[in-house]
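Participant: I'd like to go over a predicted model; first the sequence, then the structure.
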Amino acid sequence: MRLRLPAERPAEPPTGYKIAHPMLSQDGARAGFTGVSLGGALPYGVLDDASCVYGRRHRPPARLCDCGFHCVHERE
């Protein structure tokens, strides 16, 4: 029998500073970002929902997967 980890349901979304490369669409109409490591080839919008870059069927972030949006808590 496989033991499951408890579900994480925070009261508020996580907040922090994002390290990413800014991008502009070819026609200049949309702005977005790409990650500096994992998921660097997959651009995402200024307001976007995280998805699993490995194609797994779960909602990021997940304890057993390192996909999703990553941030640091302090600018330094």
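Facilitator: Okay, I see it.
Participant: Nearest the middle, which residue of this protein would you pick?
Facilitator: By CA atoms, centre = their mean, the chain has its centre lying nearest to F69, at 1.7 Å.
Participant: ok now do it, which residues does it touch?
Facilitator: K18, Y44, A50, P60, P61 (CB atoms under 8 Å, 6 or more residues apart in numbering). C-beta: built from backbone N, CA, C; applies to glycine.
Participant: Got the phi and psi for it?
Facilitator: phi -80, psi 140 (degrees, to the nearest 10).
Participant: For this protein, which segments count as helices?
Facilitator: For the chain, helices defined by DSSP state H do not occur.
Participant: per-residue pLDDT, the residue nearest to the centre of the chain?
Facilitator: On the pLDDT scale, F69 is placed at 72.
Participant: Could you check what's spatially nearest to P22, not counting adjacent residues?
Facilitator: F33 (5.9 Å; CB to CB, 6 or more residues apart in numbering).
Participant: Let me see the ranges of the strands in this protein.
Facilitator: 20-24, 31-35, 44-45 (DSSP state E).
Participant: Out of the ones you listed, the one nearest P13 is which?
Facilitator: strand 44-45 (15.5 Å; CB to CB).
Participant: Would you list the strands that the closest one pairs with, along with their directions?
Facilitator: Counting by DSSP bridges, the strands paired with strand 44-45 are strand 31-35 (antiparallel).
Participant: Just the angle for the partner strand relative to strand 20-24, thanks.
Facilitator: Strand 31-35 and strand 20-24 are oriented at 150 degrees to each other (axes from the mean of the first three to the mean of the last three CA atoms, to 10 degrees).
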